[in-house]
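J.: Need coordinates for the following:
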Amino acid sequence: YEDGTGIPKFSAAEATANCDALHIVSTKSMFGPSVPQCLAIVGEYPSFHVKAWMRANPKDLKPVSHHLPLVPVSRGKQSNGLDQFISPSAMHINLNYKLLKTYFDTVDDLKKKLKPILQKVATNNSVVVLVCNFGQADLLANFICASKAKGLDVSNVLVFATDQATYDVATTLGVSSYYDEALFEAVPENEAKRYGDKTFRDMMYAKVLAVQLVNMLGYDVLFQDVDIVWWRNPLELFHDKDSNLYDFDILFQDDGARSVRYAPYSAN
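T.: Numbers count the residues shown, from 1 in each chain. You can find the predicted model right below:
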């Protein structure tokens with residue numbers, strides 16, 4: 001006990017000595033010290049979801065008030081009354097339907113075109129996938145040139161170009177590239193101006209498609225953005241059977257952000 005009056009403290013080994021299974025809840029107040037936060041542990045059916053309650057009116061956008069009753073809220077509800085995760089409008093839903101229809105209507109043809117490219121590019125059944133538009137072509141060139149300067153093998157890199165100009169840049173740099181006009185016609189050629197703008201979102205969509213297409217054809221994927229350089233070839237680590245990481249199906253880089261948007265694992 002701390003000073004004989006506090007909560008008993010144990011080491012991790014002592015606290016888990018009698019546990020055959022362990023559930024960990026990781027949480028921190030989203031609102032800072034100005035909004036008191038409580039944690040409740042309630043026995044019920046097994047659940048891995050943290051349910052949020054707040055003294056707010058779910059029907060308006062007014063801030064938290066201590067005079068209101070606690071009510072269940074979405075995980076994006078903020079103390080100022082705004083919600084980070086609003087439902088998409090009918091316009092956005094219809095736009096996304098059109099994008100998905102284009103993808104689903106052409107996915108079999110896309111796989112046929114990609115299959116011989118992947119057979120040529122893959123090493124140990126693994127492919128390094130990048131997605132780039134012309135606005136980020138200088139970053140792509142920086143990655144390729146930096147890798148070659150260090151003598152690192154980029155023969156198993158496949159660049160999904162979202163426009164013809166980027167495809168030309170990638171092939172000139174000596175790396176394999178794939179471009180499909182119908183699939184990527186809605187993706188702008190210019191770079192994103194800020195995090196989360198339309199160009200940013202369109203590129204995120206293209207990245208999801210690129211990874212899924214390669215996965216569906218039976219290959220392991222190392223996906224990375226173009227704004228990094230390699231110190232060493234990362235595939236050597238993933239292919240190392242003595243590594244503690246070898247048996248994991250999926251590995252993510254820590255995004256660094258600790259906002260609720262990236263909870264619970266802050267994966268990038």
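J.: Quick one: the strands in this protein, in order.
T.: Along the chain, the segments classed as strands by DSSP state E run 52-54, 71-73, 126-132, 157-161, 176-178, 220-223.
J.: what packs against the second one?
T.: Packed against strand 71-73, as judged by 3 or more Cβ pairs under 8 Å, 6 or more residues apart in numbering; DSSP states H and E, are the following elements: strand 52-54. Heads up, the C-betas are built off the backbone N, CA and C, glycines and all.
J.: What ranges in the chain fall below the confidence cut-off?
T.: 1-5, 29-32 (pLDDT under 70).
J.: Give the burial count for the closest residue to A210 other than its chain neighbours, as a bare number.
T.: Ranked by Cβ to Cβ, 6 or more residues apart in numbering and with sequence neighbours excluded, the top spatial neighbour of A210 is F160, at 4.1 Å. If you count neighbours by other Cβ atoms under 10 Å, F160 ends up with 27.
J.: Kindly report the same for the one 5 residues further on.
T.: Burial of A165, expressed as a neighbour count using other Cβ under 10 Å, amounts to 15.
J.: one step back: hey, which of the strands of the chain is tucked in deepest?
T.: strand 157-161 (a mean of 26; mean count of other Cβ atoms under 10 Å).
J.: Parallel or antiparallel, list what pairs with it.
T.: Sheet pairing of strand 157-161 (DSSP bridges) gives strand 126-132 (parallel), strand 176-178 (parallel).
J.: now it: how far from the chain's centre is it?
T.: Averaging C-alpha positions (Cα atoms, centre = their mean, to the nearest Å) puts strand 157-161 18 Å from its chain's average.
J.: thinking again about what came up before, I'd like to know which of the strands paired with strand 157-161 is closest to P264.
T.: strand 126-132 (25.5 Å; Cβ to Cβ).
J.: which residues touch the residue nearest to K120 when sequence neighbours are not counted?
T.: Distance criterion Cβ to Cβ, 6+ apart; nearest residue to K120, sequence neighbours excluded, is S176 at 7.1 Å. Neighbour list for S176: I117, K120, V121, S155, V157, L158, V159, A170 [criterion: Cβ atoms under 8 Å, 6 or more residues apart in numbering].
J.: now the residues you listed in TSV, with distance to K148?
T.: As requested, the contacts of S176 are exported to TSV (distance: Cβ to Cβ, whole Å):
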residue	distance to K148
I117	21
K120	19
V121	16
S155	11
V157	11
L158	16
V159	14
A170	13
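J.: hang on, the earlier thing: wait, which of the strands paired with strand 157-161 is closest to I250?
T.: Of the strands paired with strand 157-161, nearest to I250 by Cβ to Cβ is strand 126-132, at 13.7 Å.
J.: What helices and strands are in contact with the longest helix seen in the chain?
T.: Secondary structure assigned by DSSP state H gives helix 90-121 as the longest helix of the chain. If you count contacts as 3+ Cβ pairs under 8 Å, 6+ apart, helix 90-121 packs onto strand 157-161, strand 176-178, helix 181-184, helix 198-216.
J.: Go through the ones you listed and name the closest to L235.
T.: Comparison of the helices and strands packed on helix 90-121 against L235 by Cβ to Cβ identifies strand 157-161 as nearest, at 10.4 Å.
J.: any residues touching that closest one, and which ones?
T.: By Cβ under 8 Å, 6+ apart, strand 157-161 touches 117-118, 121, 127-133, 140, 144, 166-167, 169-170, 175-179, 184, 206-207, 209-210, 214.
J.: For T199, give its distance to E191.
T.: Separation of T199 from E191 (Cβ to Cβ, to the nearest Å): 7 Å.
J.: let me redo that: S147
T.: 21 Å.
J.: Comparing the two, which shows the higher neighbour count?
T.: More neighbours surround S147 than the other of S147 and E191, with 18 against 15 (other Cβ under 10 Å).
J.: Cool, thanks, signing off.
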